[in-house]
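Enquirer: Generate a structure from the sequence data that follows.
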Amino acid sequence: MGEPDANEELSVSERIDRRIAELGDWRGATLRRMRELIKEADPDVLEEVKWVKATSPGVPTWSHDGIICTGEVYKSAVKLTFAKGAS
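Expert: Sure, this is the predicted structure:
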């Protein structure tokens with residue numbers, strides 16, 4: 001058995017904070033701003049980090065009675081994917 005991942009000891013909010021800080025560029029600033037807007041629009045939103053694997057820190061996900069959206073970070077883009085599209 002390997003050593004536990006340091007992320008496992010952090011709250012979801014702290015894991016997303018860490019991910020934003022690790023980016024350290026416009027992508028982190030953009031993800032931070034999108035997160036603020038999502039939480040402002042729905043103060044009861046649930047933050048999660050899904051699809052964590054050895055090669056990926058996971059994807060920030062916001063839910064309220066089901067997934068609202070995910071925040072994916074790429075080299076040249078920050079993409080919000082809405083589970084129910086325009087609705």
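Enquirer: Which secondary structure elements does the longest strand anywhere in the chain sit against?
Expert: Scanning the chain for the longest strand, with DSSP state E as the assignment, gives strand 67-73. Where contact means 3 or more CB pairs under 8 Å, 6 or more residues apart in numbering; DSSP states H and E, strand 67-73 is packed against helix 26-41, strand 59-63, strand 78-82. Just so you know, the C-beta spots here come from the backbone N, C-alpha and C atoms, and that holds for glycine as well.
Enquirer: Next one: the residue nearest to the spatial centre of the chain relative to Pro43, how far apart?
Expert: Nearest residue to the geometric centre of the chain (CA atoms, centre = their mean): Pro60, 1.8 Å. To Pro43, Pro60 is 17 Å away according to CB to CB, to the nearest Å.
Enquirer: Mean neighbour count, the helices and strands packed on strand 67-73: which tops it?
Expert: Counting by mean count of other CB atoms under 10 Å, strand 59-63 has the highest mean neighbour count of these, with a mean of 20.
Enquirer: What helix or strand is Arg18 located in?
Expert: Element membership for Arg18 (DSSP states H and E) is helix 12-23.
Enquirer: Show residues contacting that helix.
Expert: If you take CB atoms under 8 Å, 6 or more residues apart in numbering as the criterion, helix 12-23 is touched by 7, 10, 28, 31-32, 35, 47-49, 57-58, 60, 73.
Enquirer: Dump the C-alpha coordinates for that helix into CSV.
Expert: What follows is helix 12-23, C-alpha atoms only, in CSV (Å, rounded to 0.1, in the frame of the first residue of the first chain):
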residue,chain,number,x,y,z
VAL,A,12,-13.3,19.6,-0.7
SER,A,13,-13.1,23.4,-0.4
GLU,A,14,-9.4,23.3,0.5
ARG,A,15,-8.7,20.9,-2.4
ILE,A,16,-10.3,23.3,-4.8
ASP,A,17,-8.4,26.2,-3.2
ARG,A,18,-5.1,24.3,-3.6
ARG,A,19,-5.9,23.5,-7.2
ILE,A,20,-6.5,27.2,-8.0
ALA,A,21,-3.3,28.2,-6.2
GLU,A,22,-1.3,25.5,-8.1
LEU,A,23,-2.4,26.9,-11.4
